[in-house]
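Visitor: here is the input, now give the coordinates:
(one chain, ligands or ions: 1)
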Amino acid sequence: MRRSRACGIGPRKEKAAGTLSAVERHLLTRYGSKEGALAYRHKYERSLSRRLSNRRELGVVDRALDEAGVRGRVLDCPCGAGRLTPTILAHADHVTAVDLSEAMVDEARSALAPLSAGGRLDFAVASVDDLSFEDAHFDAAVCHRLIHHIADPAQRARVFAELARVTKGSVVMSFSDATTFKHRLQSRRGRKRRRVALDPEQLREEAGSHGLVLRDRPRRLNGLFSLVAVVVFDVARKASDVA
Ligand SMILES: C[S@@+](CC[C@H](N)C(=O)[O-])C[C@H]1O[C@@H](n2cnc3c(N)ncnc32)[C@H](O)[C@@H]1O
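Guide: Numbers count the residues shown, from 1 in each chain. Sure thing, here's the model as predicted:
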């Protein structure tokens, strides 16, 4: 029988401070304030090289959404300041933009105000591993630039499982790829990394154990010198769906 939760769409209470994981506390220190959220909103516009790499990144995500056949009702979590949301909205009928940081959601709401008017966009403050949506509420989900912050495999497992629960089609996700030239170079130099890099096979196994089936090879965000890559997962059909 499918698990379902007695709650609708829309904002859920923020996680109580005591229940936040170490990574959530770290990310909220960085992105949880008005200043942090504003800085992130403008981070990708600060220089020509940032703008170019942002454009390339959005292009990679756009192609992944296209090839995944993303449409219908889509979850963007974490949405941050709404950087990817317009790209997702170009494929979707409706996007729900969700982030753990209320300040980020406020920035996204203000950045995307012109797009919100059509009623195809709504926002919520929530954690990706504890969402207040019914099972299979979304046709697809996008989880961009989050998983590389999560060092604890048990927490990653909760994220995979929750995305698989609320989605019925595909999940587009970025991760730091341990097989990239940049990662190997950084490892050889003994550089201390903030990001958690995963081998694609490890990602396939971890996500596969929680209902997300890796569809194809990772696409690097910025070619040879990229650390971050994007993958598409299909949500495994549940026995109850088949019956
Ligand atoms: C690097 S930003 C990425 C935002 C957006 N996807 C982008 O690429 O511009 C990471 C975001 O993850 C959010 N975050 C951290 N932990 C989260 C969680 N457990 N659930 C939802 N959002 C979370 C942070 O507040 C921050 O906005």
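
Visitor: which one's the longest helix in this protein?
Guide: The longest helix of the chain (DSSP state H) is helix 48-68.

Visitor: can you give the strand pairings for the helix or strand just after that helix, parallel or anti for each?
Guide: Per DSSP states H and E, the first helix or strand lying C-terminal to helix 48-68 is strand 73-76. Strand 73-76 has the following strand partners under DSSP bridges: strand 94-99 (parallel), strand 138-143 (parallel).

Visitor: and the helix or strand that strand 73-76 is followed by, which residues are buried?
Guide: Note on strand 73-76: by DSSP H and E, the next helix or strand toward the C-terminus is helix 85-89. The neighbour-count check on helix 85-89 (16 or more other C-beta atoms under 10 Å) flags 85, 87-89 as buried. Using the backbone N, CA and C atoms, a C-beta is placed for each residue, glycine as well.

Visitor: also stretch 88-102?
Guide: Buried residues in stretch 88-102 (16+ other C-beta under 10 Å): 88-89, 91-92, 94-102.

Visitor: now do the end-to-end distance for that stretch.
Guide: This stretch, stretch 88-102, spans 21 Å end to end (C-alpha to C-alpha, to the nearest Å).

Visitor: low-confidence ranges, this structure, go.
Guide: Across the chain, the ranges flagged by pLDDT under 70 are 1-26, 190-194, 223, 238-243.

Visitor: can you pull the residues of it lying near the ligand?
Guide: Within reach of the ligand by C-beta under 6 Å from any ligand atom, the chain has these residues: 24, 27, 31, 77-80, 83-84, 99-101, 104, 127-129, 144-146.

Visitor: ranges for the strands of this protein?
Guide: 73-76, 94-99, 121-125, 138-143, 167-177, 197-198, 212-214, 219-220, 228-235 (DSSP state E).

Visitor: of all these, which one is nearest residue 109?
Guide: Residue 109 lies closest, by C-beta to C-beta, to one member of the strands of the chain: strand 121-125, at 5.5 Å.

Visitor: distance from the chain centre to that closest one, please.
Guide: Its chain's C-alpha centre and that of strand 121-125 lie 14 Å apart, by C-alpha atoms, centre = their mean, to the nearest Å.

Visitor: ok, the residue of the chain found nearest the ligand - how many residues close by?
Guide: Minimum separation of the chain from the ligand (C-beta to the nearest ligand atom) falls at residue 80, amounting to 2.5 Å. Residue 80 has 26 neighbours, counted by other C-beta atoms under 10 Å.

Visitor: quick one: it from residue 29, how far?
Guide: Separation of residue 80 from residue 29 (C-beta to C-beta, to the nearest Å): 15 Å.
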